[in-house]
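1. sequence isn't available, so here's the structure alone:
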């Protein structure tokens, strides 16, 4: 229980520092002269969203691939005679799990380079 509390504290501190640094960077990136910070905050928000998207996608893909490999190893250990069928099924499952990471990468790249909401914030 003590370890969980310290992990939550560390993760919360890290999240606060990350968000604070992003806001500080947005404030520095905004041009002086009364221009609003909306553009910089939107860009930083898109970057944070892209980072979260690829991070969650990579963790999900890693968990899926690890689970598939673990199940395949246990199945082959129990019945070595069907190793070929198990390997084929495992590889298909791993490809499906890896496609999630590719989708997350595409979402991240769209958020950074081809964000459809940019036209609402960068008017003028």
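-> Looks like it arrived, so ask away. Model, not experiment: these values are computed from the prediction.
2. all helices of this structure, in order?
-> 2-29, 38-78, 83-113, 118-121 (DSSP state H).
3. mind putting the ones you listed in TSV, mean pLDDT and mean neighbour count included?
-> Yep, even glycine has a C-beta here, placed from its N, CA and C like the rest. Shown next, in TSV, are the helices of the chain (pLDDT from 0 to 100; neighbours: other CB atoms under 10 Å):
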stretch	mean pLDDT	mean neighbour count
helix 2-29	69	11
helix 38-78	89	15
helix 83-113	91	15
helix 118-121	74	12
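4. from residue 74, how far off is the residue of the chain most remote from its centre?
-> Distance to the chain centre peaks in the chain at residue 81, reaching 38.7 Å (criterion: CA atoms, centre = their mean). Distance, residue 81 to residue 74, using CB to CB, to the nearest Å: 15 Å.
5. same question, residue 52
-> Distance from residue 52 to residue 74, by CB to CB: 33 Å.
6. just residue 67 next, same as before
-> Residue 67 is 11 Å from residue 74, by CB to CB.
7. over to residue 2?
-> Applying CB to CB, the value for residue 2 to residue 74 is 33 Å.
8. now do residue 57
-> Noted for residue 57: a distance of 26 Å to residue 74, by CB to CB.
9. next one: residue 56
-> Taken as CB to CB, the span from residue 56 to residue 74 is 27 Å.
10. what's the answer for residue 43, then?
-> 47 Å.
11. residue 104 now?
-> Using CB to CB, residue 104 is found at 28 Å from residue 74.
12. how far away is the spatially closest residue to residue 93 that is not a sequence neighbour from residue 61?
-> Using CB to CB, 6 or more residues apart in numbering and skipping the chain neighbours, the partner closest in space to residue 93 is residue 68 (4.3 Å). Per CB to CB, residue 68 is found 11 Å from residue 61.
13. can you check which residues contact both of the two?
-> Jointly contacting residue 68 and residue 61 under the rule CB atoms under 8 Å, 6 or more residues apart in numbering are residue 97.
14. once you drop chain neighbours, what's closest to residue 49?
-> Of all residues not flanking residue 49 in the chain, residue 111 sits nearest, at 5.3 Å (CB to CB, 6+ apart).
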